[in-house]
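Student: Predicted model follows, preceded by the sequence.
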Amino acid sequence: TAAFYGSGVDCYGDYVDIESGATPGVYPLFGVTLTSTDTTVRLLTTAAGTGAVTFSIYRAPKKFDVDAFTITRWNPTGSDIQYTPTRCPLICRYRGRMVMAGSPPHVWYMSRVNNPDDWDYGGADADDVSAPVIATSSDAGAFGEPIKALMPASDDYLLFGCVNSIWMLAGDPVYGGTLNALTREVGVVSANAWCYGPSGELYFLSRSGFHVIPYGGASIQDLSKGRLPEELTNLADDSIGVHMAYDAPLGGVFIFVTNSVASQVHYFYYLDTQSFWPMNYVAVISNCCARNAAYDPDESGVVFNTGSNLVRHDWYAFITAEGCHVTYPPIWLGGAPGRDGILNTLTATLDEDSPVVSWQVRIGDTPEEAISAASVANGNWAAGFNRPNLVRRRGPACVLRLSQTGTGNQFSMERVIGMTTQVGKHRYPPSAT
């Protein structure tokens, strides 16, 4: 037994690793009943032997019972617990095997085929094609990179997303499978910074770009060259999580950048125009999102967890409950940086069932200034066709912002036409001396 003061140890969800003394090995922890007057947490193990020991305690893998709707500690039976991977942050299923990775950072493990409780890779017969596996994603004799993500493509192949490379395991590793580097130039920033699209293609975020791998893994394409938002670059800090999910009704990919601050910035990547659209939410989004492929089209879409720990079943309702806005990408009114143009008129057409939308025009010397500038012209557009609005505002860069507040409605914009005139060089104020 061992006692801990205010440790926060989960008596029924952790493992203890006895490193020396008694009988070394990994054992489940079992708690005792506590009362309101207890100041310690007392833990029991099944370890044999007596005397002083050196040990560490860490989170154990868990099992979810879909019938009982419970989550319990994963306790492989018999001596197999000694081979069960521990401290692994990554897990997935592939070709009837459970796969874990990340402890040590460059190592991955596979259970026996169709037996998630058998991890005895040390005593398997050489001819046993369903045997458990331990391996690394690297060339022979080389030390592998830390594994950041496990990305299975059904039972066809498994991608290992490392820090600066991606490796592809085709087939079963024991029965004729092959492991090859798909790229040694880009990797995956975090465990959930990827998702599959409608045709089996895989989208992922690296430290330098947003990429897609067509189904089959033949090549990698950079979708963000010259257009990746600054907030999505160099996300290598482990305290920042990236979660992605494909949304079929909207035809794009949600990219949630999650941390502990309310000023999180998230993006939606629209496949048709290959463009990034920023999204801001009032509540903090926690580290969870998934695609809900329901039979009812009204229930399909991306679900995620908010800062209040409530799962929003459809993000449209969440946005409209808080109010929503769209900022169009900046344009150069004069046709190029340093040149002025005039935005003469705006003509908008909304969906016939759309609520009223408020619009603002913002002008700045640069696109960044225009986005954060105050409104220089504004108004409202109703459903259907709207008569041209006279704007007559001059400057180098311009953005159009649309917003709508209320509950239960989403506005739908069909098109906006702006008439501009290029007028010459921009007149910058004299520099301060």
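Tutor: The structure has been received and is ready for your questions.
Student: so where is the stretch 251-400 of the chain shaky, pLDDT-wise?
Tutor: In the predicted model, the stretch 251-400 of the chain carries pLDDT under 70 at residues 260-264, 280-287, 294, 297-299, 305-323.
Student: ok, which stretches of this structure are helices?
Tutor: Along the chain, counting by DSSP state H, helices occupy 315-322, 367-372.
Student: which other helices and strands contact the shortest one?
Tutor: Using 3 or more C-beta pairs under 8 Å, 6 or more residues apart in numbering; DSSP states H and E, the elements in contact with helix 367-372 are strand 357-364, strand 397-404. Every C-beta, even on glycine, is put in place using the N, C-alpha and C of the backbone.
Student: Throw those strands into CSV and include mean neighbour count and distance to Phe254, thanks.
Tutor: Formatted as CSV, these follow (neighbours: other C-beta atoms under 10 Å; distance: least, C-beta to C-beta, whole Å):
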stretch, mean neighbour count, distance to Phe254
strand 357-364, 20, 23
strand 397-404, 20, 20
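Student: can you redo these as CSV with distance to Arg291?
Tutor: Compiled in CSV, those are given as follows (distance: least, C-beta to C-beta, whole Å):
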stretch, distance to Arg291
strand 357-364, 29
strand 397-404, 26
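Student: Tell me which of the ones you listed sits nearest to Val265.
Tutor: Of all the helices and strands packed on helix 367-372, it is strand 397-404 that lies closest to Val265, at 16.1 Å by C-beta to C-beta.
Student: List the strands paired with the closest one, with their directions.
Tutor: Based on DSSP bridges, the pairing partners of strand 397-404 within the sheet are strand 324-327 (antiparallel), strand 331-332 (antiparallel), strand 357-364 (antiparallel).
Student: centre of the chain versus the last one, how much separation?
Tutor: The gap between where strand 357-364 is centred and where its chain is centred comes out at 31 Å by C-alpha atoms, centre = their mean, to the nearest Å.
Student: low-confidence ranges in the stretch 51-200 of the chain?
Tutor: In the stretch 51-200 of the chain, residues with pLDDT under 70: 51, 76-82, 123-124, 140-141.
Student: Let me see the ranges of the strands in it.
Tutor: Secondary structure of the stretch 51-200 of the chain (DSSP state E, counting those that start in this stretch): strands at 54-59, 62-65, 70-73, 90-94, 97-101, 107-110, 133-136, 147-153, 157-162, 166-170, 178-183, 194-196.
Student: what's the most buried one of those?
Tutor: strand 157-162 (a mean of 25; mean count of other C-beta atoms under 10 Å).
Student: Taking strand 178-183 as reference, get the angle to it.
Tutor: 50 degrees (axes from the mean of the first three to the mean of the last three C-alpha atoms, to 10 degrees).
Student: Give me the contacts around stretch 160-180.
Tutor: Defining contact as C-beta atoms under 8 Å, 6 or more residues apart in numbering, one finds that stretch 160-180 is touched by 95, 101, 106, 108, 110, 113, 128-131, 133, 135, 137-138, 144-151, 156-159, 181-188, 193-194, 204, 213, 217, 220.
Student: what distance separates the start and the end of that stretch?
Tutor: 10 Å (C-alpha to C-alpha, to the nearest Å).
Student: Quick one, grab the pLDDT at Thr45.
Tutor: Looking at Thr45, its pLDDT stands at 56.
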